Structure formats: structure tokens, C-alpha cells
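Participant: Fold the stuff below for me.
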Amino acid sequence: MSTTPADAAPSARILVVEDDKTVAEVVSRYLTREGYDVDHVGDGAVALARVQQATPDLIVLDLMLPGIDGREVCRRVRAVSDVPIIMLTALGETADRIAGLEIGADDYLAKPFSPRELVARVKNVLKRSRGSDAGPAAPEALEVGGISLNRKSREVVVDGRSVDLTQREFDLLAFLMEHPKEVFRREVLLEHVWGYTFGDTSTVTVHVRRLREKIEPDPSNPTFVQTVWGVGYKFGV
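Facilitator: Predicted structure coming up:
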């Protein structure tokens, strides 16, 4: 009889959307070993039906699917839920990875990938979505320059207007608000917000762009999340 790892969060339900049976089997097996409740489907239409029936705690979503592809699945899920999404893409398809992040994916892995790396990313995303790694010193509520952020309720209000953010957008905003006027390189943000010591920093760039579109009066001339050319980003208010 196998034992559940202490940090696996066995109550977490993960939906794996992958039409390659071999990849799906390997991914499902590794996640199940970690104590997760795994459901696998092979096409986008069925995936959307499963989400409608009961939203999982996290979705592992392949980009290339028969019928409704991963981009459209991600777009439709994002319209109704902020469930974390890790997208799987083919190696070298940089434009597709960026497009996936633009429409709401929280993270991505390029094929071929290590199942252990996927498990590590799943754990990281679930920890952050549950706020379990915010740390005892992190303030529950922040209010800076007309933006109010509440960690416990995961709510953000900008000038009296409620704003819906994905998990990564929320965490990125919270981190920058905790350190107003401090400049962070993209590599540093990738480590502190995503928990990765290496990776594609374009992930940060895309999330900054998405965040600006939601909180800035004029995203092309941001007043909150500012670019420091040649260095990185800062919360400038």
C-alpha cells in the first residue's frame, strides 16, 4: 500500500487534458503517486464539460487537441474560472507558449518534459493558489495608490472597481505592492512569484502586460506597474 507524501495535498483534484495516451498515462501516474486525485480526458469538448460539472483545483492542458484546441479551452475556462492552468506545448513553439500565457495560462512546459518537473510545478502552483507559501510576515491586506488587495479573499479593487485576476497576476501584483518603488529584474520575479530559479522570463513579461491591461487606466502608459528600462519592473505609486 502506497503512502501519500506529506506535501502532496491529496485532496487536490487535477484534470489532465491530453490526447496522447502515452503522455497522459505517464503524467497521470506521476501525479497519482503524489496523492492527487487525477481525472484524464482526451479532447477539449469533454474537458469543458468536466469543468462545468465540477471545477478542478488545477488543469494540465495540452495545446494541441482534437476539435477544440487548448487555446480555446483555456479561453473558455478563464471566462468562468480562475482555476490554475499549466499548459503543455511542443518544443520550439515560442509564439504558441506566449499566446497561451496571454489568454490566461498560469504556466507552461515544453514537450518533451520531465514528469518530475511537472509534479514540482503542480505543487508550486497549488501552494500559491492556496496562499500556503505567503509566509507569516506577509500582510493580509495591502492598499497602495488606489489599489486594495486582500490575500485572504483574493480580491483586488482599483479605484472602487473590483478586478478579476488570475492566480499569477494576483501574486505578481501582491509582491510588487509589498515592495513599492523597488526595482526587480525579471529573473528575480520569476523566482519570488513563480518559485523557479530558472526558466523563460518571457512568462514574467506576458503576465506584466496582462496585469497592466486590468489595473492601469492607460496600459500603454502605466502608472502602477512601471518598466525600468534595462533593469526590470517596479510598483511606482
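Participant: I'd like the distance between the residue most central in space within the chain and residue 182.
Facilitator: Nearest residue to the geometric centre of the chain (CA atoms, centre = their mean): residue 106, 2.2 Å. Using CB to CB, to the nearest Å, residue 106 is found at 24 Å from residue 182. In short, each C-beta sits where N, CA and C put it, glycine included.
Participant: Contacts for stretch 220-235, please.
Facilitator: Under the contact criterion CB atoms under 8 Å, 6 or more residues apart in numbering, stretch 220-235 has outside partners 144-145, 147, 173, 176-177, 179-186, 188-189, 204, 208, 211-212, 215-217, 236-237.
Participant: Distance from the chain centre to that stretch, please.
Facilitator: 21 Å (CA atoms, centre = their mean, to the nearest Å).
Participant: Run the chain-centre distance for the one helix or strand in the chain whose mean pLDDT sits lowest.
Facilitator: Here the helix or strand of the chain ranked lowest by mean pLDDT, DSSP states H and E is helix 94-102, holding a mean of 76. When distances are taken as CA atoms, centre = their mean, helix 94-102 is centred 13 Å away from the chain's centroid.
Participant: need the next SSE after that helix, C-terminal direction.
Facilitator: strand 107-111 (DSSP states H and E).
Participant: could you say what helices and strands the least confident helix or strand of the chain packs with?
Facilitator: Helices and strands touching helix 94-102, by 3 or more CB pairs under 8 Å, 6 or more residues apart in numbering; DSSP states H and E, are helix 70-80, strand 85-90, strand 107-111, helix 202-215.
Participant: Only alpha carbons, please: show the helix or strand that contains residue 15 as CSV.
Facilitator: Take DSSP H and E as the rule and residue 15 turns out to sit in strand 13-17. This file holds the C-alpha atoms of strand 13-17, laid out as CSV (Å, rounded to 0.1, in the frame of the first residue of the first chain):
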residue,chain,number,x,y,z
ARG,A,13,-8.2,17.4,-7.9
ILE,A,14,-6.3,17.7,-11.2
LEU,A,15,-7.8,17.5,-14.7
VAL,A,16,-5.3,16.3,-17.3
VAL,A,17,-6.3,17.2,-20.8
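Participant: Quick one: work out the angle between it and helix 70-80.
Facilitator: Relative orientation of strand 13-17 and helix 70-80, computed by axes from the mean of the first three to the mean of the last three CA atoms, to 10 degrees: 150 degrees.
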